[in-house]
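Enquirer: Below are the sequence and a predicted model for it; my questions follow.
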Amino acid sequence: MAFYTRSQEATPVEPCPDGTDVRVSRFFQRRHRDNKGSEDMSIRRFGQVRFGSSAAAALLLAAWMAAGPASADTDLSTSMDAKLSAMLPAKLKEAGKIRVASNVEYPPFEYYDTDNTTIIGLDKDLAEAIGQKLGVKLEFENMSFDAIIPALAANRYDMAMSAMTDTEERRKKVDFVDYFTSGGGFLVKHGNPKNIHSLADICGVTAAIDKGTTEIEDAKKASEDCVKAGKPEVNVSVLPGTSKIVLALQSNRADVAMIDTSAGAYISQQHKGEFEVPDASYAPRPYGLVLPKGSEELAKAMQAAVQALIDEGTYGKILAKWGQEVGAVKEVTINEGAGL
């Protein structure tokens, strides 16, 4: 497999639009947690577990703060379902609210609006719809990402919504109601001229990949499979940062960018018509609503509520508002994330 590495230096953090990169750097330091829930200050490792690209996460954080959703005026209202409401634990029905822990700095899923007070994002809109469907209010409280699971274990909150990946290790401490997927994928020019839909389709093409991400190993394995099948190897161009791989795609120095599907969907949305994410992730990882371990009654109520939102179309509208249709699921599951 041919590799073309632009730089041997560590992947830089891309600056915010105003020229500063301090809040992005802190974002990385606070957001990444390894599969055991312990803190890992490595920006690169963060990208592998959460986004597939550290710079992609930086790009998302900075740009979402400025750009916001694709269609802010979408009507996302729904109606209460008495049967679903009856599934809630009695104490939550009586309280009329569900306490939700969240790390509110992960756009487009949850982050503060320009007033630095109002919480917005995909998860917040989904929470509002769940609350309407169940006849209760979901109240968010911001906290550090690594404090969420301990807070749930201590019963300080009823659940969490924070774009948390459902992993085998985390399921030892909490339960997940899986509602979204993200993982390694492709970004191509509009129309998908090379007809790339899977790893088997990248034989002989040039793939731009952000340095230090899991997509490099994915491409290496794909290239080995290509050669075994008698096809040309994958030409991999490893570049320092998401902006560099997007530029390579724009300038025809790459046929495809290998990138996390959530990040790819955002880039496609911002470049309006220039790019597309041709398919769902080839290595999907589920995000889940997070519940204290053993919350069977609440888990089933949440599963039923989100499934109802999917079936009626509200879920799809929420994902479309935030440009994340590529991560949609058809069926809500409980504790079915693959081990990572």
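Expert: That came in fine, so what should we check first? Numbers count the residues shown, from 1 in each chain.

Enquirer: Now do the helix of greatest length in the chain: which elements does it pack against?
Expert: Across the chain, the longest stretch assigned as helix under DSSP state H is helix 296-312. Judged by 3 or more CB pairs under 8 Å, 6 or more residues apart in numbering; DSSP states H and E, helix 296-312 is in contact with helix 82-85, helix 122-134, strand 174-189, strand 283-292, helix 314-321, strand 333-334. (Glycine included, C-beta is placed from N, CA and C.)

Enquirer: pLDDT (mean, whole number) over the fifth one?
Expert: What helix 314-321 shows for mean pLDDT is 96.

Enquirer: Check the shortest one too.
Expert: For strand 333-334, mean pLDDT rounds to 97.

Enquirer: Now do the same for the residue sitting furthest away from the middle of the chain: its pLDDT.
Expert: When distances to the mean C-alpha position of the chain are computed (CA atoms, centre = their mean), the maximum falls on residue 230, with 35.5 Å. Residue 230 carries a pLDDT value of 97.

Enquirer: Show me where this protein has its strands.
Expert: Along the chain, counting by DSSP state E, strands occupy 2-5, 97-102, 111-112, 119-120, 137-142, 159-165, 174-189, 206-210, 235-239, 256-260, 275-276, 283-292, 333-334.

Enquirer: Residue 143 contacts residue 100, doesn't it?
Expert: No. Residue 143 is not in contact with residue 100 according to CB atoms under 8 Å; the separation is 10.5 Å.

Enquirer: between those two, who's got more neighbours?
Expert: residue 100 (25 against 18; other CB atoms under 10 Å).

Enquirer: can you tell me which residues contact the more buried one?
Expert: 127, 138-141, 157-161 (CB atoms under 8 Å, 6 or more residues apart in numbering).

Enquirer: Residue 208 pairs with what?
Expert: residue 237, residue 257 (DSSP bridges).

Enquirer: Direction-wise, compare the longest helix of the chain with helix 314-321 and give the angle.
Expert: Between helix 296-312 and helix 314-321, the angle comes out at 70 degrees (axes from the mean of the first three to the mean of the last three CA atoms, to 10 degrees).
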